[in-house]
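*Asks:* The sequence isn't on hand, but the structure is:
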Ligand code: ADP
Ligand code: MG
């Protein structure tokens, strides 16, 4: 029997080389791929809705008689056509139309339309509805199934998807897909039936249930998809662990010397996590550990402890940060900590050029640099390590998949894989952690160092900006320092920099008595570093910045942060930013300035931030309000594009998924078949 996976799309009717190429680009290669290309939503063209019963935003089929059709000259010229059916009157509106069309829609003509009612100047209106003229003699049949609307891309229209999926369904009759899971109660809904149902639901299907993704057919597939993802990650983990790693005995000297000079005691949570790491490192298989800890929980010290264990055994450690500013911060920090221990800290970022770069590369290759701090430059081809034993990755969610993989390829082959320690300050909601990080063991630093004062957060309309500026003067007069953060939705650094420059000028004029500095992503790294150093040293009082200061920057004397257009940022990002103040004993404040009017969700989001300083609570809220892609920053990394599963909606399945995955992973063939079915060759993206 032919497998649906063996029937390539070019064997289907209507697929020539060009369409095949487009489909392939979209990840659709075979008939089976088409079956798993599931509709986003459905249109109900199975019944006629009385015009009087039309609802705003709910698409419907209507039938009626044209009353009048005329050209309206408003802001934009449009053809409007009023249709009546005895229960009510609705207006069709066309902005693009021909003279023939106008003539066709003559008074008295019967018409059937499909469209979404919106509120227009003439009451309910259908903009550019699909329509057909009806012939008195000949009854036109309605659809007997709901019409699928597929996720699509430029150049593949809905009708093409519909025809192709229809062909795949016909093939499914002859070549049933293999049931791969049977352990779970959800699997009682046969896979073939679920697929057929979702591509072409019967007219009586409960559309509201399906819209919410809660139909048993959907849940069944979501379960299988989550399972496949989980298996893919377990497999990656297995493969990494199969490479083995060099065991590193516990540190006898360096860690103690380090702790002695620190000037503070580790918190219980830091100690516990350090112990977990130490226990991983002594094993002959690579550590794969994620350390989660809220902003300011002291992850850096924990990373330092891990680094010392490796260094004491003669290994090199690479510490990778997502931005140069953060890398610099780490570099300064670790140089200060490690110099006195006689440990050489190296430094490598993209902008390091010429002789300085050559020198850095030589230090890394010779092993002179025992800890190397940098950005993604650390894993470029030209960088060779003498003996890399541990890779520490800070603020992991900003890195792409390949970046972490590339770093792990930097060991000597006989050393297997380096141990990996991933640190993130984005508290990851449990549901996300269970999927996105299924390949990592997790440690949580759930305690802040003593002596912190919680940041007091207020939400204020930008109209009261002048008052806030006054407040800055007041705070600085007390010898404390202030951040002013400019945000933009655009990713463009140039625009961000522009906004920051404008605020900088405004504040200089308003506060001539203050030393004000500006830092943004377009500056040279040396310039940025100098500005940050001056701010740290208290030479400048007010720092105007873009979100480049989001992570890691540490100035305990800063007690006020103003964030402009706070409504534009994600909650977790705001929480991170806010974590830059309240780092010392000073009573600290964060002002979230918003541009009114603020939407209801907007209000709710900012309220969450005002009410809580608990990163986990905030992350859960963020997940609820924005979805997982945004929360993990996966837009950039291409991680976790589910076809049907939704982590919030289907989060309750995850415990079961994990259990079943544990059993299924023992069976390589089964596990591979599931991974192939759902992820195809995209498995590497599951590696976080
Ligand atoms: P994050 O988890 O956000 O990376 P850091 O590692 O930057 O936090 O630590 C924040 C600040 O807290 C630093 O100034 C650090 O020196 C300090 N710190 C870390 N651990 C402790 C501790 N146990 N006691 C007191 N201060 C600490
Ligand atoms: Mg940090």
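*Replies:* Looks like it arrived, so ask away. Computed from a prediction, not measured in an experiment: that's the story for all the values here. Ligands and ions are numbered 1, 2, ... in the order given.
*Asks:* Check which helices and strands the host helix or strand of residue 670 is in contact with.
*Replies:* Assigned by DSSP states H and E, residue 670 falls within helix 668-679. Contacts defined by 3 or more CB pairs under 8 Å, 6 or more residues apart in numbering; DSSP states H and E place helix 668-679 against helix 216-242, helix 654-664. Quick note: C-beta positions are derived from backbone N, CA and C, even for glycine.
*Asks:* cutoff 10 Å now
*Replies:* helix 31-35, helix 216-242, helix 654-664 (3 or more CB pairs under 10 Å, 6 or more residues apart in numbering; DSSP states H and E).
*Asks:* Now residue 195: which helix or strand?
*Replies:* Per DSSP H and E, residue 195 falls inside helix 191-199.
*Asks:* how deep is the closest residue to residue 104 other than its chain neighbours tucked in, by neighbour count?
*Replies:* With sequence-adjacent residues excluded and distances taken as CB to CB, 6 or more residues apart in numbering, residue 104 is closest to residue 133, at 6.7 Å. Counted with other CB atoms under 10 Å, the neighbours of residue 133 add up to 13.
*Asks:* try residue 202
*Replies:* For residue 202, the neighbour count with other CB under 10 Å is 10.
*Asks:* ok, back up a step: what is the helix holding residue 195 packed up against?
*Replies:* helix 31-35, helix 158-174, helix 216-242.
*Asks:* Against residue 33, how distant is residue 10?
*Replies:* Using CB to CB, to the nearest Å, residue 10 is found at 13 Å from residue 33.
*Asks:* what's the overlap in contacts for these two?
*Replies:* 23-24 (CB atoms under 10 Å, 6 or more residues apart in numbering).
*Asks:* Which one's more surrounded, those two?
*Replies:* More crowded of residue 10 and residue 33, by other CB under 10 Å: residue 33, with 21 against 15.
*Asks:* residue contacts, that one?
*Replies:* Residue 33 is in contact with 4-5, 7-9, 23-24, 26-27, 168, 677, 680, counting by CB under 10 Å, 6+ apart.
*Asks:* got a pLDDT number for it?
*Replies:* For residue 33, the pLDDT comes out at 90.
*Asks:* Repeat that for residue 640.
*Replies:* So residue 640 comes in at 54 (pLDDT).
*Asks:* And the one 5 residues further on, by the same measure?
*Replies:* Each residue has a pLDDT score; the one for residue 645 is 85.
*Asks:* check contacts around the nearest residue to it once chain neighbours are set aside.
*Replies:* What sits nearest to residue 645 in space, not counting adjacent residues and going by CB to CB, 6+ apart, is residue 222, at 4.1 Å. Counting by CB under 10 Å, 6+ apart, residue 222 touches 186, 213-214, 642-647, 649-650, 653, 657.
*Asks:* Could you list the contact residues of the stretch 151-300 of the chain toward ligand 1?
*Replies:* 264-267, 270, 293, 295-300 (CB under 6 Å from any ligand atom).
*Asks:* For residue 41, see how far away the residue nearest to residue 645 is.
*Replies:* 16 Å.
*Asks:* Could you do residue 373 as well?
*Replies:* 48 Å.
*Asks:* between these two, who's got more neighbours?
*Replies:* A direct count of neighbours by other CB under 10 Å for residue 373 and residue 41 places residue 373 higher, at 29 against 14.
*Asks:* Contacts only, for that one.
*Replies:* So residue 373 contacts 307, 317-321, 326-335, 345-349, 392, 394 (CB under 10 Å, 6+ apart).
*Asks:* That's all I had, so thanks and see you.
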